[in-house]
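Chemist: got a predicted structure plus its sequence, pasted below:
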Amino acid sequence: MRRRVEGLIGLAAPFLAVVLGVGDRISRIAEPTDHEYYPIRPGGRVALPGEPGYDEDQDLGAPVIESPPTAQSE
């Protein structure tokens with residue numbers, strides 16, 4: 001039974017890959033810019049569109065790591 005199922009999956013895999021590829025192409029043609037896509041956020045808190053503190057022009061490149069304040073020596 002397991003061999004049959006694995007054989008059917010093996011036969012269907014190329015067809016399913018084509019279906020996924022065609023669907024991907026159609027979706028890119030229909031809507032080239034996905035307005036609901038949010039990239040993975042870098043470490044730390046990043047405001048999303050519509051939230052207070054969101055800056056549309058802000059660069060979302062590498063996160064800025066702030067060093068902790070150092071104690072002043074006397």
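Modeler: Good, I have the coordinates.

Chemist: when you work out contacts or count neighbours from here on, use the C-alpha atoms and nothing else.
Modeler: Noted.

Chemist: so where's the protein uncertain?
Modeler: 41-44, 46, 56-74 (pLDDT under 70).

Chemist: quick one, strands of the protein?
Modeler: Using DSSP state E, the chain contains no strands.

Chemist: all helices for it, in order.
Modeler: Using DSSP state H, the helices of the chain run over 2-30.

Chemist: now do the contacts for residue 33.
Modeler: When the contact criterion is CA atoms under 8 Å, 6 or more residues apart in numbering, residue 33 has no partners at all.

Chemist: ugh, wrong one, residue 53
Modeler: residue 47.

Chemist: please report how far it lies from residue 8.
Modeler: 53 Å (CA to CA, to the nearest Å).

Chemist: then residue 18?
Modeler: Counting by CA to CA - residue 18 and residue 8 are separated by 16 Å.

Chemist: repeat that for residue 54.
Modeler: 50 Å.

Chemist: what of residue 33?
Modeler: In terms of CA to CA, residue 33 sits 36 Å off from residue 8.

Chemist: what's the answer for residue 21, then?
Modeler: 20 Å.

Chemist: what of residue 26?
Modeler: Residue 26 is 27 Å from residue 8, by CA to CA.

Chemist: what does residue 23 give?
Modeler: For residue 23 relative to residue 8 (CA to CA), the value is 22 Å.

Chemist: for residue 34, same thing?
Modeler: Counting by CA to CA - residue 34 and residue 8 are separated by 35 Å.

Chemist: and residue 55, by the same measure?
Modeler: For residue 55, the distance to residue 8 - CA to CA - is 51 Å.

Chemist: could you do residue 39 as well?
Modeler: 36 Å.

Chemist: looking at these two, which is more packed in?
Modeler: residue 8 (11 against 7; other CA atoms under 10 Å).

Chemist: and residue 52, backbone torsions?
Modeler: When read as degrees, to the nearest 10, the backbone of residue 52 gives phi -60, psi 140.

Chemist: determine how far the last residue of stretch 39-53 lies from the first.
Modeler: 17 Å.

Chemist: actually stretch 38-45, not the one I typed
Modeler: Termini of stretch 38-45 sit 14 Å apart (CA to CA).
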